[in-house]
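Chemist: fold the stuff below for me.
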Amino acid sequence: MPQSSKRLDPPTTMRGLVPADLVDECGTSISLAEQWCSRLPKESCFYLNGKVPLRNPPPGNRYISRRDLNLADAIFDVHSLLTGLLLTKSWRVGQLAAGLRVSFETWNLTVCATIVRALVESASSWWIESSEIITAWWEQKARDVFSVQDAVMQQPGD
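Modeler: Next comes the predicted model:
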């Protein structure tokens, strides 16, 4: 994702029509999104297993129970899935911010409006989905879990 620190610069014919402080605020917002996205990994190493194997700890290990090992396996996949979703949404924001800069500087207002709407929708869905995941996580943590089957099969509130 290209990172640009230059000022947002509307076409010469439009400079008098758009207030400079508005252009500066847009440019700052785009630059912040580009800078944040530039620090993200460029590829994902996360995956989701179709099955969680039930394993025993290594022989002689006194510190890891079979239950803890199998719960860690199950939770690893949940974390990988959530991280993959986060990266995908973050990469989308970076691409949209770069596209917004180009469309604004070429004064393609139809594309600007479409990209801004996509950015607002991305931020909104990120906020809503994150809130739902946090709620589900805390509900799950509040339940007694005695096996991997308990964690996987029961729904919150059961």
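Chemist: biggest helix in the protein, by residue count?
Modeler: In the chain, assigned by DSSP state H, the helix with the most residues is helix 66-105.
Chemist: ok, Pro58 - contacts?
Modeler: Residues touching Pro58, when contacts are defined by C-beta atoms under 8 Å, 6 or more residues apart in numbering, comprise Ile64. In short, each C-beta sits where N, CA and C put it, glycine included.
Chemist: gap between it and Val111?
Modeler: Going from Pro58 to Val111 by C-beta to C-beta, to the nearest Å gives 57 Å.
Chemist: next one: Arg39
Modeler: Following C-beta to C-beta, the distance that separates Arg39 from Val111 is 26 Å.
Chemist: give me the residue at the spatial middle of the chain.
Modeler: In the chain, the C-alpha closest to the average C-alpha coordinate belongs to Leu86, at a distance of 2.2 Å (C-alpha atoms, centre = their mean).
Chemist: model confidence score at that one, please.
Modeler: Confidence at Leu86, expressed as pLDDT, is 79.
Chemist: kindly report the same for Thr114.
Modeler: Note on Thr114: pLDDT of 94.
Chemist: quick one: contacts for it?
Modeler: Residues near Thr114 by C-beta under 8 Å, 6+ apart: none.
Chemist: so which strand or helix has it?
Modeler: Using DSSP states H and E, Thr114 falls within helix 109-142.
Chemist: tell me how far that helix lies from the chain's centre.
Modeler: Computed by C-alpha atoms, centre = their mean, to the nearest Å, the chain-centroid distance of helix 109-142 equals 9 Å.
Chemist: stretch 134-146 too?
Modeler: When distances are taken as C-alpha atoms, centre = their mean, stretch 134-146 is centred 22 Å away from the chain's centroid.
Chemist: pLDDT weak spots in the chain?
Modeler: Counting by pLDDT under 70, the chain contains low-confidence residues at 1-6, 43-54, 74, 145-158.
Chemist: ok so, going back, just the buried residues of the helix holding Thr114, please?
Modeler: Judged by neighbour count using 16 or more other C-beta atoms under 10 Å, the buried positions of helix 109-142 are Cys112, Ile115, Ala118, Leu119, Trp126.
Chemist: that helix vs helix 66-105, what angle?
Modeler: Between the axes of helix 109-142 and helix 66-105, defined by axes from the mean of the first three to the mean of the last three C-alpha atoms, to 10 degrees, the angle is 170 degrees.
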